[in-house]
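> After the sequence you'll find the predicted model.
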Amino acid sequence: MNLTVTGHHVAVTAAIRTYVEAKLDRVMRHCDHATAVSVILTVEKLAQKAEANVHLPGQDIFVEHSDGDLYAAIDALADKLDRKLIRYKDRAYAKPHDALKHHSGS
């Protein structure tokens, strides 16, 4: 997995990069098909914004969150991304023909 962390109007320090990597490592354990993840951290007046775009086979997943604190925005971003990746994985591995076996009228 290729991880890119960039900042708009904010310097991406080693501490911020390490924090983002730690949060995304926890999240990405659900999905081993991700080829690239790009994270953009933005500061706009009083709002700190974190965005993530995960490239998966056949689909890209985009998540963003704004907060007053950059670390809180990264935490919420990781939680949202975790939920979306679990939902993606459930849909990708769902077998529609299994549902028909359980609901047959026999």
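Cool, got the structure.
> so how far is residue 93 from the closest residue to residue 12 other than its chain neighbours?
In space, and not counting its chain neighbours, residue 12 is closest to residue 5: 5.4 Å by CB to CB, 6 or more residues apart in numbering. No exception for glycine: its C-beta is placed from N, CA and C like everyone else's. As for residue 5, its distance to residue 93 is 29 Å (criterion: CB to CB, to the nearest Å).
> Name the next helix or strand following the helix or strand harbouring residue 37 along the chain.
If you go by DSSP states H and E, residue 37 is part of strand 36-44. Downstream of strand 36-44, the next assigned helix or strand under DSSP H and E is strand 47-56.
> Using CSV, write down the CA coordinates of that next one.
The C-alpha coordinates for strand 47-56 follow below in CSV (Å, rounded to 0.1, in the frame of the first residue of the first chain):
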residue,chain,number,x,y,z
ALA,A,47,-11.4,24.6,10.7
GLN,A,48,-8.9,21.8,10.4
LYS,A,49,-9.9,19.3,7.7
ALA,A,50,-8.6,15.8,6.9
GLU,A,51,-9.5,14.0,3.7
ALA,A,52,-8.6,10.5,2.6
ASN,A,53,-9.0,8.8,-0.8
VAL,A,54,-8.4,5.0,-0.8
HIS,A,55,-7.9,3.4,-4.2
LEU,A,56,-9.4,-0.1,-4.4
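> Could you pull up the mean pLDDT of it?
For strand 47-56, the mean per-residue pLDDT is 93.
> From the contact counts, what lies against the very next helix or strand once past it?
Scanning forward in sequence from strand 47-56 by DSSP H and E, the next helix or strand is strand 59-67. Counting by 3 or more CB pairs under 8 Å, 6 or more residues apart in numbering; DSSP states H and E, the packing neighbours recorded for strand 59-67 are strand 47-56, helix 70-92.
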